[in-house]
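Peer 1: next one to model:
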Amino acid sequence: MIHGSPEGRLKLLARHLKGRRPTSSSGMSPITTHVLDTAKGTPAMGLPISLEYLGNGAVETVAAGVTNDDGRIPGFMDSQAELRGGLYRMTFNTAAYYERLGEAFFYPEVVIQFMLPDTPDDHYHIPLLLSPFGYSTYRGS
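Peer 2: Down below sits the predicted model:
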């Protein structure tokens, strides 16, 4: 069930998208994510996410967690973690999320691969806008 007016849901989404920009110097994860359930107009709580580094032909799990009631995972990575340049893969277990809600869905997982420069020196935010039959992402700030 969708709660509130369309305008109210849009305001809620906008408020969540304006989240603070965490950085490792602030004691927060150098790679973050934020998942919003656009069909409900709310953060996607309880969605399992993993982050892997795909360098040197090996797959290394860097972080894993489950989104909180704000659709985020505080402390996703150790704030002191040194990022390496190269290819990363963030996997969102959308099947677990929608099965818990008892809702039909089309994509059992969303996989986002992204490339960091050889000397990463920034905060990297990977948001996901999710609905049961579609999704969208972008490089956040």
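Peer 1: lowest-pLDDT helix or strand in this structure?
Peer 2: Least confident element among the helices and strands of the chain, by mean pLDDT, DSSP states H and E: helix 6-17 (a mean of 61).
Peer 1: where in the protein is pLDDT low?
Peer 2: Where the chain drops to pLDDT under 70, the residues are 1-5, 8-27.
Peer 1: what about the strands in it?
Peer 2: Secondary structure of the chain (DSSP state E): strands located at 31-37, 42-43, 48-53, 60-66, 86-92, 110-116, 124-131, 134-137.
Peer 1: just those: most buried one?
Peer 2: By mean neighbour count, with neighbours taken as mean count of other C-beta atoms under 10 Å, strand 31-37 ranks first of the strands of the chain at a mean of 23. Placement of C-beta: from N, CA and C, glycine included.
Peer 1: same for it, what does it pack against?
Peer 2: Strand 31-37 makes packing contacts with helix 6-17, strand 42-43, strand 48-53, strand 86-92, strand 124-131 when contacts are defined by 3 or more C-beta pairs under 8 Å, 6 or more residues apart in numbering; DSSP states H and E.
Peer 1: returning to what we had before: now the strands of the chain as a markdown table including distance to R72?
Peer 2: Listed next are those as a markdown table, based on distance: least, C-beta to C-beta, whole Å:
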| stretch | distance to R72 |
| --- | --- |
| strand 31-37 | 5 |
| strand 42-43 | 8 |
| strand 48-53 | 10 |
| strand 60-66 | 9 |
| strand 86-92 | 13 |
| strand 110-116 | 16 |
| strand 124-131 | 10 |
| strand 134-137 | 15 |
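Peer 1: closest one to G75 among these?
Peer 2: strand 60-66 (7.8 Å; C-beta to C-beta).
Peer 1: surely T42 and V35 touch.
Peer 2: No: under the criterion of C-beta atoms under 8 Å, T42 is not in contact with V35, lying 10.3 Å apart.
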